[in-house]
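Enquirer: Generate a structure from the sequence data that follows.
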Amino acid sequence: MMNANDIRRTFLEFFRAKGHEIVPSAPMVVKNDPTLMFNNSGMAPFKDWFLGNAPAKWPRVADTQKCLRVSGKHNDLEEVGVDTYHHTMFEMLGNWSFGDYFKKEAIAWSWELLTEVYKLPKDRLYVTVFEGNAEEGLAFDQEAYDCWKQYIAEDRILRGNKKDNFWEMGDSGPCGPCSEIHVDCRNDDERAAVNGATLVNNDHPQVIEIWNNVFMEFNRKADKSLEKLPAQHVDTGMGFERLVRVLQQKQSNYDTDIFQPVIQAISNYTGIAYRGTDEKSDIAIRVLSDHIRAISFAIADGQLPSNTGAGYVIRRILRRAVRYYYSFLETREPLLARLVPTLVKEMGEFFPELVKQQQLVTSVIEEEERSFLRTLALGIVRFEEYVKKNSEKTIDGFFAFELFDTFGFPIDLTQLLARESNRDVDMDGYNKHLLEQKNRSRAATAIDTDDWVELVKDASTNFVGYTDSESSAKIVRYRRIKAKGKESYQLVLDTTPFYAESGGQVGDTGVLESANERLPIIDTKKENGVIVHFAERLPEDLTKTFTARINTVKRAATENNHSATHLMHAALRQVLGTHVEQKGSLVNDDNLRFDFSHFQKVSDEELAQIEQIVNAKIRENIAGDIREMSIDDAKKLGAMALFGEKYGDVVRVVTFDKNFSIELCGGTHVPATGKIGLFKIVSEAAVAAGVRRIEAITAGKAEAFFNEQLETVRKIREMLKSNSDLIKSVQSLLDDKKALENRVDAMMRDKAKGLKTELLTKVKSVNGINFLAEQIELGSADAIKDLAYEIRGQVDNLFLLLGAEVNGKASLTLMLSDNLVSEKSWNAGQLIRDLAKEIQGGGGGQPFFATSGGSHVQGIPNALKKAEALIS
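Expert: Next comes the predicted model:
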């Protein structure tokens with residue numbers, strides 16, 4: 001029996017022998033298409049080739065494509081794990097013809113591969129062809145039917161309707177009839193009882209589609225009419241997981257060797273067998289074995305979990321997996337991260353990005369797991385408390401919304417908890433509160449925008465800001481906007497030196513000037529590719545010719561920071577590793593902020609090394625080499641295409657030493673690195689799981705920073721009257737302070753010994769309990785704690801409460817003997833919270849020992865009296 005890797009390899013080698021170029025899978029995460037977050041089909045990476053937006057590089061191509069279907073039109077997430085055939089991430093094997101072969105070859109090769117190479121029994125196969133559609137004027141696909149007759153009996157060639165057998169890319173674009181291959185996996189008795197032909201495309205779990213051949217011969221126009229394409233294409237897709245299940249003769253995808261190694265690892269870590277006696281644990285194991293694939297591949301492809309967009313989808317998948325192992329596999333520690341090595345071992349041969357990014361994938365997953373486990377524990381506790389207090393069979397919609405909004409607890413998990421307790425969630429109420437929140441958010445950011453007033457028809461803007469700081473300009477259109485009650489105006493010029501905010505670089509400010517008027521431009525942005533200038537008012541005469549002049553001081557400082565960002569990015573990759581990838585940036589005239597993928601804190605030594613590299617490059621005064629070229633030529637140069645950016649065929653490449661920093665970038669930069677002057681990192685911190693942030697300054701800001709530090713050192717030296725070794729002087733001061741603290745602690749301990757003797761004489765019996773509640777003068781919390789433990793060691797059956805003023809605040813210390821905790825079920829942590837009300841504070845602790853602090857020192861006597869009342 002072939003294993004999964006051999007099955008995949010066989011497919012690719014078969015089509016290589018048929019003249020196909022074997023290409024690696026495109027990333028599962030789509031970075032340059034606003035209409036698609038993830039590749040959800042095998043053809044998605046070739047969309048531009050089919051649409052004619054880019055020429056096909058090869059006439060014949062074959063691959064295995066990583067796909068993800070959990071959101072939007074193809075939302076299978078809630079079925080994953082519950083059944084045995086839905087998946088989040090899956091592989092799609094495919095062969096493609098771009099204007100080369102068509103139906104005859106595609107059908108012949110699919111039959112040859114399935115029956116002669118993979119040896120599938122021919123009497124278990126059925127095929128479908130398009131029956132035609134009179135409304136569309138589409139004829140029965142006689143050509144495909146005639147091709148199939150050469151290989152399979154005609155009673156196994158089934159006619160399919162438009163829904164099943166006419167494939168369309170979207171509302172418009174290439175489309176055409178398709179021919180599916182189905183396999184009947186039932187046993188012989190079942191096959192004899194019911195004809196498999198009646199079960200094709202009827203959702204039978206054992207009679208399944210295995211391969212689809214799409215013949216693209218039409219183009220769907222915007223008016224919904226169809227026209228013949230100038231060239232005919234073939235797009236085929238065969239689900240890898242289904243193929244392996246069929247070839248390995250399994251009843252479930254999860255029983256194949258695609259999933260079994262991970263499933264066995266889960267069982268080994270949890271001690272819970274798969275296919276045991278508990279259906280819920282089986283579902284949980286399937287969920288984990290599926291989800292770890294989607295999560296790992298997404299992170300390896302550059303998409304980290306986050307709260308928005310594609311990142312939220314990945315976070316949601318991860319949190320669903322955590323919820324399942326937390327609830328059904330009795331696991332309270334990160335488990336998904338422990339499965340990564342097994343996944344890499346099984347899939348790393350064909351997907352080397354998993355091997356390359358294994359450490360990053362593992363670290364990000366573990367950090368996300370730990371974070372959500374804390375959230376999950378809190379949310380589940382709150383849910384259980386709600387259920388105990390409310391007997392209604394419907395969970396209140398506002399409570400569900402509060403769990404989501406305040407605690408980050410996903411609504412689908414609330415619904416799952418509700419189902420487990422035989423309850424429903426008031427989703428109408430939940431959605432009502434969610435909509436109200438969205439409306440409030442929209443209202444806060446609402447902008448009232450007038451229509452554009454055109455002064456010059458069909459005018460475009462010529463941007464000259466890469467080379468010029470000012471230009472002659474005319475206003476070609478304008479409009480009024482109103483935000484938060486304040487009016488302003490947007491202007492479009494025929495020529496402008498103003499850089500519009502893009503790629504992390506802020507927009508330019510400056511002025512429009514005429515002979516008798518000066519109009520400040522307060523910001524510049526892009527809207528649908530148009531450079532828009534913001535002004536607080538309109539000029540008196542809109543038809544005049546103005547001089548558009550940017551703030552050159554601000555622009556120069558911004559350019560310093562932008563070019564320094566490129567140098568730092570290269571230095572980060574040199575010091576930390578090539579897994580570092582930009583996740584966000586902000587470049588203005590004050591500083592630079594750079595978010596990047598990295599799985600741990602950047603050490604002080606690494607930060608110093610990064611600074612040294614950047615400053616060395618600044619001192620080299622490297623000339624900036626900035627030029628436009630094709631995207632392919634840029635990639636050949638090794639230019640870094642930044643995450644989340646969409647690039648056209650012609651790109652701008654910014655190079656500072658071709659062996660150091662080459663990036664695609666549309667921003668403005670220094671002519672040579674020496675102009676940056678100086679670079680200084682001022683902070684480094686985490687902003688999300690697996691994402692770090694560095695903030696830095698350059699040029700004059702960096703000089704000012706060092707001058708401030710030197711002035712601070714001068715003042716400290718002056719205060720310490722030290723003209724020699726400042727560090728030695730400070731250390732001496734700290735040593736003196738420590739010695740004084742030790743003397744004070746010793747005095748406190750001596751005082752506590754005297755107090756102990758005095759307090760032991762004040763112990764009295766209250767209801768058979770040795771009771772002591774006193775206000776003492778002891779200004780050290782540690783000394784009070786030691787005193788309480790010493791008294792507890794000498795008095796049995798003890799209830800002790802000590803009140804004191806510590807550093808100007810009220811302090812209460814409660815100590816109970818073990819027998820009072822066990823016999824009377826008393827809890828010092830709970831009792832202290834009630835007593836702390838008298839000092840306007842709060843507290844907590846262990847069952848036998850607890851402390852509290854408060855602002856009302858005068859309330860200590862009342863707390864002592866209240867303690868005696870509690871046990872009287």
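
Enquirer: Going by C-alpha atoms from here, please, whenever you check contacts or count neighbours.
Expert: Will do.

Enquirer: Run the chain-centre distance for the helix of greatest length in the chain.
Expert: The helix that spans the most residues within the chain, counting by DSSP state H, is helix 726-760. Here helix 726-760 is found 50 Å from its chain centre; the criterion is Cα atoms, centre = their mean, to the nearest Å.

Enquirer: so what secondary structure elements neighbour that helix?
Expert: Under the contact criterion of 3 or more Cα pairs under 8 Å, 6 or more residues apart in numbering; DSSP states H and E, helix 726-760 touches helix 699-720, helix 781-794.

Enquirer: what angle do the last one and helix 726-760 make?
Expert: Read it as helix 781-794. 30 degrees (axes from the mean of the first three to the mean of the last three Cα atoms, to 10 degrees).

Enquirer: Then the longest one?
Expert: Helix 699-720 and helix 726-760 meet at an angle of 60 degrees, taking the same axes, to 10 degrees as the criterion.

Enquirer: quick one: buried residues of helix 699-720?
Expert: 699, 701-703, 717 (16 or more other Cα atoms under 10 Å).

Enquirer: would you turn these into TSV with pLDDT?
Expert: Listed next are those as TSV, based on pLDDT from 0 to 100:
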residue	pLDDT
Ala699	96
Lys701	95
Ala702	96
Glu703	95
Arg717	87
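
Enquirer: ok, those residues vs Lys474, which is closest?
Expert: For Lys474, the closest of the buried residues of helix 699-720 turns out to be Ala699, at 35.2 Å, with distances computed as Cα to Cα.

Enquirer: Contact partners for that closest one?
Expert: Contact criterion Cα atoms under 8 Å, 6 or more residues apart in numbering gives 557, 560, 676-679 as the residues in contact with Ala699.

Enquirer: ditto for Asn133
Expert: With the criterion set at Cα under 8 Å, 6+ apart, Asn133 makes contact with 139-140, 161-162.

Enquirer: Mind doing that once more with 7 Å?
Expert: Listed by Cα atoms under 7 Å, 6 or more residues apart in numbering, the contact set of Asn133 reads 139, 162.

Enquirer: What strand or helix carries the nearest residue to Phe259 once chain neighbours are set aside?
Expert: Of all residues not flanking Phe259 in the chain, Ser289 sits nearest, at 6.3 Å (Cα to Cα, 6 or more residues apart in numbering). Element membership of Ser289 [criterion: DSSP states H and E] is helix 279-300.

Enquirer: hmm, back to that, adding distance to Arg423, write the helices and strands packed on helix 726-760 out as CSV.
Expert: Supplementary listing: the helices and strands packed on helix 726-760 in CSV, determined by distance: least, Cα to Cα, whole Å:
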stretch, distance to Arg423
helix 699-720, 60
helix 781-794, 48
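
Enquirer: Tell me which of the ones you listed approaches Arg332 most closely.
Expert: The minimum distance between Arg332 and these falls on helix 781-794, with 33.4 Å, by Cα to Cα.

Enquirer: Give me the below-cutoff pLDDT ranges for the stretch 551-700 of the chain.
Expert: Residues of the stretch 551-700 of the chain meeting the criterion pLDDT under 70: 642-649, 689.

Enquirer: redo that, cut-off 90
Expert: When the per-residue scores of the stretch 551-700 of the chain are filtered using pLDDT under 90, the ranges that remain are 578-585, 597-600, 630-651, 686-691.

Enquirer: what ranges do the strands span in it?
Expert: Defined through DSSP state E, counting those that start in this stretch, the strands belonging to the stretch 551-700 of the chain, from first to last, are 582-587, 592-597, 625-630, 650-656, 661-664, 679-688, 691-698.

Enquirer: if we can go back for a sec, other SSEs contacting the helix or strand that comes right after the helix holding Ser289?
Expert: Following the chain from helix 279-300 toward its C-terminal end, the next helix or strand by DSSP H and E is helix 309-328. If contacts are counted by 3 or more Cα pairs under 7 Å, 6 or more residues apart in numbering; DSSP states H and E, helix 309-328 sits against helix 279-300.

Enquirer: export the strands of the stretch 551-700 of the chain to JSON lines and tack on mean neighbour count and distance to Phe848?
Expert: Shown next, in JSON lines, are the strands of the stretch 551-700 of the chain (neighbours: other Cα atoms under 10 Å; distance: least, Cα to Cα, whole Å):
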{"stretch": "strand 582-587", "mean neighbour count": "20", "distance to Phe848": "49"}
{"stretch": "strand 592-597", "mean neighbour count": "22", "distance to Phe848": "46"}
{"stretch": "strand 625-630", "mean neighbour count": "14", "distance to Phe848": "71"}
{"stretch": "strand 650-656", "mean neighbour count": "21", "distance to Phe848": "66"}
{"stretch": "strand 661-664", "mean neighbour count": "22", "distance to Phe848": "62"}
{"stretch": "strand 679-688", "mean neighbour count": "17", "distance to Phe848": "38"}
{"stretch": "strand 691-698", "mean neighbour count": "23", "distance to Phe848": "42"}
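
Enquirer: Minimum distance to Leu607: which of those has it?
Expert: Each of the strands of the stretch 551-700 of the chain was scored for nearness to Leu607 using Cα to Cα, and the closest is strand 679-688 (7.6 Å).

Enquirer: same for the closest one, what does it pack against?
Expert: helix 604-619, strand 691-698, helix 699-720.

Enquirer: mind putting the ones you listed in TSV, distance to Asp255 included?
Expert: Shown next, in TSV, are the helices and strands packed on strand 679-688 (distance: least, Cα to Cα, whole Å):
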stretch	distance to Asp255
helix 604-619	47
strand 691-698	36
helix 699-720	61
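
Enquirer: Quick one: closest of the ones you listed to Ile727.
Expert: When the helices and strands packed on strand 679-688 are ranked by distance to Ile727, counting by Cα to Cα, first place goes to helix 699-720 at 9.7 Å.

Enquirer: Could I have the CA atoms of the closest one written out in PDB?
Expert: What follows is the C-alpha trace of helix 699-720 in PDB, where atoms were taken according to Å, rounded to 0.1, in the frame of the first residue of the first chain:
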ATOM      1  CA  ALA A 699      20.000  62.500  13.500                       C
ATOM      2  CA  GLY A 700      19.100  65.500  15.700                       C
ATOM      3  CA  LYS A 701      16.700  63.500  17.900                       C
ATOM      4  CA  ALA A 702      19.400  60.900  18.600                       C
ATOM      5  CA  GLU A 703      21.900  63.700  19.400                       C
ATOM      6  CA  ALA A 704      19.400  65.200  21.800                       C
ATOM      7  CA  PHE A 705      18.900  61.800  23.500                       C
ATOM      8  CA  PHE A 706      22.600  61.400  24.100                       C
ATOM      9  CA  ASN A 707      22.900  65.000  25.400                       C
ATOM     10  CA  GLU A 708      20.100  64.400  27.800                       C
ATOM     11  CA  GLN A 709      21.800  61.200  29.100                       C
ATOM     12  CA  LEU A 710      25.100  63.000  29.500                       C
ATOM     13  CA  GLU A 711      23.400  65.800  31.400                       C
ATOM     14  CA  THR A 712      21.800  63.300  33.700                       C
ATOM     15  CA  VAL A 713      25.100  61.700  34.400                       C
ATOM     16  CA  ARG A 714      26.700  65.100  35.000                       C
ATOM     17  CA  LYS A 715      23.900  65.900  37.600                       C
ATOM     18  CA  ILE A 716      24.300  62.600  39.300                       C
ATOM     19  CA  ARG A 717      28.100  63.100  39.500                       C
ATOM     20  CA  GLU A 718      27.500  66.500  41.000                       C
ATOM     21  CA  MET A 719      25.100  65.200  43.600                       C
ATOM     22  CA  LEU A 720      27.500  62.400  44.600                       C
END
